[in-house]
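Q: Coordinates only, no sequence provided:
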């Protein structure tokens, strides 16, 4: 299955359905706004190195790849090299089918019926491009016969030139004792990670799940390019993962519905994890928009 390209005005978005249903480039007049996927990435069908990929049916990690739900244990496949935890679900690792297509939009579907999850589910994505913005609507539906825990996320990789600035208001962050993404303690956002007012990313290094994303908005400003990306999310996305790896020319602000290892914490009776239990026929959804604005 070949790449699908959407064009509107001076914006172009490319999607590879067979590479985990991922967005593989997003450009303005040929300038990359999100990290483009390399030919090697596409050949290997490695969605982890694309521009944006779906997180279904959960965001981030499940501790030790063991999901506990309603008195049963489900063993998921550890799917990240050197890591014991299951990461980001199943959907980014398989091909998606095209449901509908036009010059400015594309709808995809992914189905899963594996024994390592409480129920069969179907995921959907719809990409839509205008002259000023790209939007991605994502949903998961329980199409099986049993209840299931559910979460969703999208994982965009923004370009990060040296003068990149970020503004996003969040009220807390989960720390992890082993620096492995498994949350142990929720604290107020430390000063060095506080981007509630626009400021340069600088040399900050982050890979944490934040809470209290009430505005559902993040601003990424590129002064040298004269551009700003305004990310907004509509739906139950009170959590956001911010990933800024050391020494890389990209970073991520990920709208997500659940905290890291949220399913297991919810199964122990903890509130505020973002975990949703879907009965057969029920669904969970949200939409992310990235609008490109001149400064």
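A: Now that the structure is in, tell me what you want to look at. Keep in mind it's a predicted model, so treat the numbers as computed, not measured.
Q: quick one: strands adjacent to the least confident helix or strand in the chain by mean pLDDT?
A: When the helices and strands of the chain are scored by mean pLDDT, DSSP states H and E, strand 86-87 comes last with a mean of 92. Strand 86-87 sits in its sheet next to strand 61-62 (antiparallel), going by DSSP bridges.
Q: Got the confidence number for residue 1?
A: At residue 1, the model reports a pLDDT of 58.
Q: just to revisit the earlier point, run through who's touching the least confident helix or strand of the chain.
A: With CB atoms under 8 Å, 6 or more residues apart in numbering as the test, strand 86-87 has contacts from 60-62, 65, 67, 76-80. The C-beta positions use only the backbone N, C-alpha and C, and glycine is treated the same way.
Q: can you pick the most crowded of those residues?
A: residue 60 (28 neighbours; other CB atoms under 10 Å).
Q: Okay, it and residue 252: tell me how far apart.
A: 12 Å (CB to CB, to the nearest Å).
Q: Pull up the overlap in contacts between these two.
A: By CB under 8 Å, 6+ apart, the residues touching both residue 60 and residue 252 are residue 241.
Q: of all the contacts of strand 86-87, which comes closest to residue 187?
A: Comparing the contacts of strand 86-87 against residue 187 with CB to CB places residue 60 closest, at 18.0 Å.
Q: which residues does the closest one contact?
A: Counting by CB under 8 Å, 6+ apart, residue 60 touches 87-88, 153, 181, 209, 241, 256, 258-261.
Q: can I get those in CSV with distance to residue 274?
A: Listed next are the contacts of residue 60 as CSV, based on distance: CB to CB, whole Å:
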residue, distance to residue 274
87, 17
88, 15
153, 10
181, 15
209, 10
241, 12
256, 7
258, 4
259, 6
260, 10
261, 11
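Q: which one in those residues is the model shakiest on?
A: Per-residue pLDDT puts residue 181 lowest of the contacts of residue 60, at 87.
Q: wouldn't that one be in contact with residue 88 here?
A: No. Residue 181 lies out of contact with residue 88 (CB atoms under 8 Å); the separation is 10.9 Å.
Q: Between those two, tell me which one has more neighbours.
A: For residue 181 versus residue 88, neighbours defined as other CB under 10 Å are more numerous around residue 88 (26 against 21).
Q: How about that one, nearest residue that isn't a chain neighbour?
A: residue 55 (4.7 Å; CB to CB, 6 or more residues apart in numbering).
Q: pLDDT score assigned to residue 141?
A: Residue 141 carries a pLDDT value of 98.
Q: what's the neighbour count on it?
A: Residues near residue 141, counting by other CB under 10 Å: 20.
Q: these two touch, right, it and residue 112?
A: No. Between residue 141 and residue 112 there is no contact, the gap being 11.1 Å when judged by CB under 8 Å.
Q: any shared contact partners between these two?
A: 121-123.
Q: Keep only those of those that are in helices.
A: If you go by DSSP state H, the shared contacts of residue 141 and residue 112 have nothing in helices.
Q: which one of these is nearest residue 278?
A: Nearest to residue 278 among those, with distances taken as CB to CB, is residue 121, at 7.9 Å.
Q: Please name the bridge partners of the closest one.
A: Those that pair with residue 121 in a beta bridge, by DSSP bridges, are residue 112, residue 142.
Q: Next one: it, what pLDDT does it get?
A: 98.
Q: can you tell me which residues contact it?
A: 56-57, 111-112, 140-144, 148, 150, 278.
Q: ok, now with 7 Å
A: With contacts defined as CB atoms under 7 Å, 6 or more residues apart in numbering, residue 121 is in contact with 57, 112, 140-144, 148.
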